[in-house]
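Q: coords please:
(chains A, B, C, D, E and F)
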4 protein chains.
Amino acid sequence: MVEKITDKKELLQRFRTEGILAAAIKVIAQKGLEKATMEQVAEEAGISKATIYLYFKNKDDLYYHCVMTRFEKIMGLIREALEGIDDPVEKIKVLVITQVKAMEVEKDFFRVFFTERMSLFLDQSTEFGQGFFKKHEEYEGLITSALKEGMDSGTLREIDPKKAFSILFAMIRGMAMFNIICEKRESLSSEAGLILDVFFNGLNPGVRIRPHKVD
Amino acid sequence: MVEKITDKKELLQRFRTEGILAAAIKVIAQKGLEKATMEQVAEEAGISKATIYLYFKNKDDLYYHCVMTRFEKIMGLIREALEGIDDPVEKIKVLVITQVKAMEVEKDFFRVFFTERMSLFLDQSTEFGQGFFKKHEEYEGLITSALKEGMDSGTLREIDPKKAFSILFAMIRGMAMFNIICEKRESLSSEAGLILDVFFNGLNPGVRIRPHKVD
Amino acid sequence: MVEKITDKKELLQRFRTEGILAAAIKVIAQKGLEKATMEQVAEEAGISKATIYLYFKNKDDLYYHCVMTRFEKIMGLIREALEGIDDPVEKIKVLVITQVKAMEVEKDFFRVFFTERMSLFLDQSTEFGQGFFKKHEEYEGLITSALKEGMDSGTLREIDPKKAFSILFAMIRGMAMFNIICEKRESLSSEAGLILDVFFNGLNPGVRIRPHKVD
Amino acid sequence: MVEKITDKKELLQRFRTEGILAAAIKVIAQKGLEKATMEQVAEEAGISKATIYLYFKNKDDLYYHCVMTRFEKIMGLIREALEGIDDPVEKIKVLVITQVKAMEVEKDFFRVFFTERMSLFLDQSTEFGQGFFKKHEEYEGLITSALKEGMDSGTLREIDPKKAFSILFAMIRGMAMFNIICEKRESLSSEAGLILDVFFNGLNPGVRIRPHKVD
DNA sequence: TATGAATGAGCCTTCATTCAT
DNA sequence: AATGAATGAAGGCTCATTCAT
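A: Below is the predicted model:
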């Protein structure tokens, strides 16, 4: 009996939390982080400003959870997409495409994430920085292990996998940023192929081993 | 005689402008954009808050000029470094290295630039956005033309040069961001070689045409 | 029960609003509009500056409501005083006296109203101007209708009632201003009789139909 | 010789002074007193901000002189218009009409004078207040003496001439204000007749001795 | 005399955050 | 648990005014 009540509480808790996060993401995506006020988030969530503080410590905390939620969602999608795939190169391909598509779905939010207050996540002396760092390492692991497999099997050239990850990630983020931001004509996901092409084949002429096409 | 006076005035003008900019860059690099107050900038510059407004319209304008100044300086360095170099691949190599080194010198400032209020420069409906866009196009041209040359001469594989630029730029920016931000052990410039290696050769195994070493 | 709560809220709302207005009127009357700061008003009201902004949009809005409140109060007094009076000339007499006395009670505030930022109320392209205009028309109607009655009944000479109102109002305001401002020895209300005398009889010699005495 | 130089100096002095005043009046009429900045006045006058302070103590002083200049000009016009007129009633008529017309010519400036910072002139504890008071007494004398003449000759009813002046002046100012401000369809001067009519004949019915027409 | 340059002194306004109910 | 009400803390910006040249 008591458990049920607890369950109910947890349910409500989760319900509220998610409602607030959804509202926050929407408002932040629309107005940008700085201009998004707690008031607006509360209004969008249909609750009172003070209530937000029952579920989140402060504005930074709220934003942090917005980002982490997105992050986790994307990680989930990636894991899902990777299921059943063995070929490391294929894995990476799927990874990139999934990632890129996921970001495209929430363009507006990621625009903010990429352009405002990233510092919040990068200062590892803070709770937020540490939390983000952990998630990021998990993500890094996902890609790094695929790269390693490729290198071990001889499909990929041997270079420091962490560095390879860094580069790949940089390409994704970089392309994402400018595609997201500049409202390019071509969809972001259509450029995933290009990223992969360069990442695998480079710009040198010669027999391209892996042409890539994204559906 | 009259010229002299004008010169003096211009000199003072330039002196103040640069003094303020230097102060602003310092303060912003230290505290971040949001937390940097006009008061602090003024203090650092050894002048009064109101004086800043004689030289810059407002805080955004001040920051905009901070960024543009850095941009121009880097472009100057790049142009200088490119002098006398004919080989397109070599050009690109030099370009990347120069760029990366320049950013490293002002780590703290670029950390802010990459993580706070980039939106200011990306909204092309504003004066700031347009100004930045123009400079950026110039920069794009610098790299794109080198890439084109390489493609025309057959040294590089034919792909849309603008896209190639995007990717290269993304790699630089991405590596920069995370190296700058995460206080990695390795210096940013030492990774320029890696960037170039991947950019030219990709991760596929095979004969690497262009090994790169950065001094 | 629910009603009670609402009532309480409304009560508090009204309480605060009136408290702030009273404080504002006091401070403004003392220091003048320009020199009266929101800080001072808040202090006088025993609340925080920010709280004022919960009840009024900005300083202009606050001042606007100060004026409108006075206006409404005076209109109320006039309506009350007119009750049971039928004779149009008597009505006008009462009107003028009531008005003049009411202004005298709040000399200091009306001094400010007459001498500072009247423009705020006179620019009908603004919300404030329109609000004021409406109230003023109501007030005009009150007097105009009395004047019309008088003209219809033959007690008063026929002239455009609106113009008659304008003149009467001008006299009141003019006398008020200079009596209020110049700290004349004679009380403002004692001059109401004079106003009425001239308004009805003019300066021409001849049988004065209506001598006026104000108690 | 020395005198000539002094004269030249005086001439320049006067020239500058008048230039600044003209500029100030223009700017103030356009923007209102509060929004008119010393900078704008200087620009309009084609000189530097600092130069204004060579000729006027401060902004208030400048405004004061703007007003006094207008005042003196109007007094001059009135004196001129009164020349050769003997009939006191006629004098008053001319007085009112001249005054009203003069204000109409500089509507915009008088709008400001009537609605902003009149307090500056009304506080007789200040130099400005005293200066204004003196001029105003002179003006009062002009009208009062005409009124007295009329009373002495039996053309006008006997009442305290100062009070009669007050009332007449109130009517003029009041009508002026609302005509000036409200952009009434009828020209201000066309209402001078009405003012005079009421002032002389009142609203009582009966033989109107003095119908007034204004050209 | 004229001015370019500099500034002191404030004030309004905004919000994230708290707390009594 | 939820919130309406209140506020502390700051910061950008504007001008009138001064002064060295």
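Q: mind giving me the domain ranges of chain A?
A: A:1-56, A:60-201 (automatic domain parsing).
Q: Now do the buried residues in the longest helix seen in chain A.
A: Ordering each helix of chain A by length in residues (DSSP state H) puts helix A:2-31 first. Residues A:Arg16, A:Gly19, A:Ile20, A:Leu21, A:Ala23, A:Ala24, A:Ile25, A:Lys26, A:Val27, A:Ile28, A:Ala29 are the ones in helix A:2-31 that count as buried (16 or more other C-beta atoms under 10 Å in any protein chain shown). Heads up, the C-betas are built off the backbone N, CA and C, glycines and all.
Q: which sections of chain A are below the confidence cut-off?
A: Low-confidence segments of chain A, defined by pLDDT under 70: A:1-6, A:181-186, A:188, A:206-215.
Q: Can you list phi and psi of A:Gln56 for me?
A: I think there's a mix-up here, since residue A:56 is Phe and not Gln. phi -140, psi 140 (degrees, to the nearest 10).
Q: ok, the closest residue to it other than its chain neighbours to A:Leu54 distance?
A: In this structure, A:Phe56 finds its nearest non-sequential neighbour in A:Leu62, 4.2 Å apart by C-beta to C-beta, 6 or more residues apart in numbering or on different chains. A:Leu62 sits 12 Å away from A:Leu54, going by C-beta to C-beta, to the nearest Å.
Q: Now do the contacts for the residue most central in space within chain A.
A: Per C-alpha atoms, centre = their mean, the C-alpha nearest to the average position across chain A is that of A:Phe71, at 4.1 Å. A:Phe71 makes contacts with A:Phe132, A:Lys135, A:Tyr139, as judged by C-beta atoms under 8 Å, 6 or more residues apart in numbering or on different chains.
Q: where's the last one, which helix or strand?
A: Take DSSP states H and E as the rule and A:Tyr139 turns out to sit in helix A:127-152.
Q: Go through that helix and flag the buried ones.
A: Neighbour-count burial for helix A:127-152 flags A:128-129, A:131-133, A:135-136, A:139-140, A:142-144, A:146-151 (criterion: 16+ other C-beta under 10 Å).
Q: before we move on, which element is the residue nearest to A:Ala176 when sequence neighbours are not counted in?
A: Take A:Ala176 and drop its neighbours on the chain: the residue closest to it by C-beta to C-beta, 6+ apart is A:Met103, 5.2 Å away. A:Met103 is part of helix A:88-105 when elements are defined by DSSP H and E.
Q: same check, this time on A:Phe114
A: Element membership for A:Phe114, per DSSP H and E: helix A:107-115.
Q: anything in the helix or strand just after that helix near chain B?
A: Following helix A:107-115 in sequence order, the next helix or strand is helix A:119-122 (DSSP H and E). Yes: Helix A:119-122 is in contact with chain B by C-beta under 8 Å from any C-beta of the partner chain, via A:Ser119, A:Leu122.
Q: Quick one: distance of helix A:119-122 to the chain centre.
A: The chain centroid and the centroid of helix A:119-122 are separated by 15 Å under C-alpha atoms, centre = their mean, to the nearest Å.
Q: likewise stretch A:96-104?
A: Mean-position distance between stretch A:96-104 and its chain equals 8 Å (C-alpha atoms, centre = their mean).
Q: next one: stretch A:9-20
A: 23 Å.
Q: can you tell me if that stretch touches DNA strand F.
A: Yes: using C-beta under 7 Å from any atom of the strand, stretch A:9-20 reaches DNA strand F at A:Lys9, A:Leu12, A:Arg16.
Q: For chain D, what's its nearest residue on chain A.
A: Residue nearest to chain D within chain A: A:Lys35 (28.4 Å; C-beta to the nearest C-beta).
Q: ok, the helix holding A:Tyr139 near DNA strand E or not?
A: No: on the criterion C-beta under 7 Å from any atom of the strand, helix A:127-152 is out of touch with DNA strand E, staying 12.5 Å away.
Q: can you check stretch A:10-21 too?
A: No: using C-beta under 7 Å from any atom of the strand, we find that stretch A:10-21 stays clear of DNA strand E, coming within 12.8 Å at best.
Q: picking up where we left off before, show me what the longest helix of chain A is packed up against.
A: Where contact means 3 or more C-beta pairs under 8 Å, 6 or more residues apart in numbering or on different chains; DSSP states H and E, helix A:2-31 is packed against helix A:38-45, helix A:49-55, helix A:59-82, helix A:107-115.
Q: Is any residue of stretch A:97-112 near DNA strand E?
A: No: Stretch A:97-112 stays clear of DNA strand E (C-beta under 7 Å from any atom of the strand), getting no nearer than 13.8 Å.
Q: could I have that stretch exported to CSV, CA atoms only?
A: Only the C-alpha atoms of stretch A:97-112 are listed here, as CSV (Å, rounded to 0.1, in the frame of the first residue of the first chain):
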residue,chain,number,x,y,z
ILE,A,97,23.9,9.5,-39.1
THR,A,98,21.8,8.9,-36.1
GLN,A,99,23.5,11.6,-34.1
VAL,A,100,23.2,14.1,-36.9
LYS,A,101,19.6,13.3,-37.5
ALA,A,102,18.8,13.5,-33.8
MET,A,103,20.3,17.0,-33.6
GLU,A,104,18.4,18.0,-36.6
VAL,A,105,15.1,17.2,-35.0
GLU,A,106,15.8,19.7,-32.3
LYS,A,107,17.7,22.2,-34.2
ASP,A,108,16.6,25.2,-32.2
PHE,A,109,17.6,23.7,-29.0
PHE,A,110,21.0,22.6,-30.2
ARG,A,111,21.6,26.0,-31.7
VAL,A,112,21.3,27.3,-28.2
